[in-house]
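>>> following is a predicted model, sequence given first.
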Amino acid sequence: MKHRNTLLLAAAAILLQACSGGSDQASTNRVYIVSPANGSTVTSPVTIEFGIEGFTLAPAGTSDVGTGHHHLMVDTPLPPLDQPIPASDKHLHFGKAQASTVLELQPGEHTLQLLLGDGNHIPHSTALISDPIIITVTAEAVE
């Protein structure tokens, strides 16, 4: 009987863990592009909305744990993840903790990707990187 109760308690603990989503769900940290959607055809200027989970947006210079600010890579690969993110027309910094931007993009295909930087524009030790999206900018209005 004692062995059966131990098994029942173990099974109940496993079920409780599974139903609660486990500790991994509570620690989900990610950045992502809310819009436009991957594969979209848009006109310029393009409004790009950023998403974040598990971290709090904070201006550059903020050193609080769990904070950072977005950097948008436009038509360029990710920079080295152990160095400050460069500032250029391909590496856009949002050091005022902005959650969106409006970009003028030439007609054609463009790849966009987010990288969260700390207060010193350095990616976190576990880098928060969005999936890249590809959009097509057309000179004509999209219906």
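Cool, the structure landed. Numbering: from 1, shown residues only.
>>> what number of residues lie near the closest residue in space to A37 that isn't next to it in sequence?
Spatial nearest neighbour of A37, excluding adjacent residues (CB to CB, 6 or more residues apart in numbering): I133 at 7.3 Å. C-beta coordinates here come from the backbone N, C-alpha and C atoms, glycine included. I133 sits with 19 neighbouring residues when counted by other CB atoms under 10 Å.
>>> buried ones in the helix or strand T136 falls within?
With elements taken from DSSP states H and E, the one containing T136 is strand 133-138. By 16 or more other CB atoms under 10 Å, the buried positions in strand 133-138 come out as I133, I135, V137.
>>> let's have these in CSV, adding pLDDT and distance to L116.
As requested, the buried residues of strand 133-138 are arranged in CSV below (pLDDT from 0 to 100; distance: CB to CB, whole Å):
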residue, pLDDT, distance to L116
I133, 98, 16
I135, 98, 21
V137, 97, 25
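>>> center of the protein - which residue?
V31 (1.2 Å; CA atoms, centre = their mean).
>>> next helix or strand past whichever strand or helix holds that one?
Here V31 sits within strand 30-35, counting by DSSP H and E. Going down the chain from strand 30-35, the next helix or strand is strand 41-43, by DSSP H and E.
>>> now do that following strand: which elements does it pack against?
Counting by 3 or more CB pairs under 8 Å, 6 or more residues apart in numbering; DSSP states H and E, the packing neighbours recorded for strand 41-43 are strand 133-138.
>>> direction included, what does the strand it packs on pair up with?
According to DSSP bridges, strand 133-138 has the following sheet partners: strand 41-43 (parallel), strand 108-117 (antiparallel).
>>> contacts for the longest one?
The set of residues that contact strand 108-117 without belonging to it, under CB atoms under 8 Å, 6 or more residues apart in numbering, is 31-33, 48, 50, 52, 55, 60, 68-75, 78-79, 84-85, 93, 123-124, 127-137.
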